[in-house]
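Asks: Sequence first, then the predicted structure, then my questions.
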Amino acid sequence: MSSLIDIDNFYHTTRWEKVRASILRRDKYQCQSCKRYGRLRQATTVHHIKHLEDNPELACDPKNLISLCAECH
């Protein structure tokens with residue numbers, strides 16, 4: 001079964017870069033997983049909660065995106 005989205009190219013699109021930047025700003029550049037445990041760590045990655053491969057329609061949905069540090073990702 002082929003995906004409706006070209007995963008390899010998606011992360012290099014202007015659309016993703018804009019969405020990624022807006023999610024990092026929304027989350028104040030803090031890892032949301034660490035924050036739940038009272039730790040403050042800089043987020044460097046925006047993660048799809050529901051996997052992109054299985055849910056391409058949620059690729060840029062802010063409700064499906066969360067800022068994480070490298071360790072949590």
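Replies: That came through fine.

Asks: From what I see, Ile66 and Ile23 are in contact.
Replies: Yes. In this structure, Ile66 is within contact of Ile23 by C-beta atoms under 8 Å, at 7.5 Å. Any C-beta I mention is one placed from the backbone N, CA and C, and that applies to glycine too.

Asks: Overlap in contacts, those two.
Replies: By C-beta atoms under 8 Å, 6 or more residues apart in numbering, Ile66 and Ile23 have these common neighbours: Val46.

Asks: which strands and helices sit next to the longest helix belonging to the chain?
Replies: When the chain is parsed with DSSP state H, its longest helix is helix 14-26. Where contact means 3 or more C-beta pairs under 8 Å, 6 or more residues apart in numbering; DSSP states H and E, helix 14-26 is packed against strand 45-48, strand 65-68.

Asks: Save these as JSON lines, and put in mean neighbour count too.
Replies: JSON lines is the format used below for the helices and strands packed on helix 14-26 (neighbours: other C-beta atoms under 10 Å):
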{"stretch": "strand 45-48", "mean neighbour count": "18"}
{"stretch": "strand 65-68", "mean neighbour count": "22"}
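
Asks: Asp27 is nearest to which of those?
Replies: Nearest to Asp27 among the helices and strands packed on helix 14-26 is strand 65-68 (3.8 Å), distances taken as C-beta to C-beta.

Asks: So which other helices or strands are in contact with that closest one?
Replies: Judged by 3+ C-beta pairs under 8 Å, 6+ apart, strand 65-68 is in contact with helix 14-26, helix 32-36, strand 45-48.
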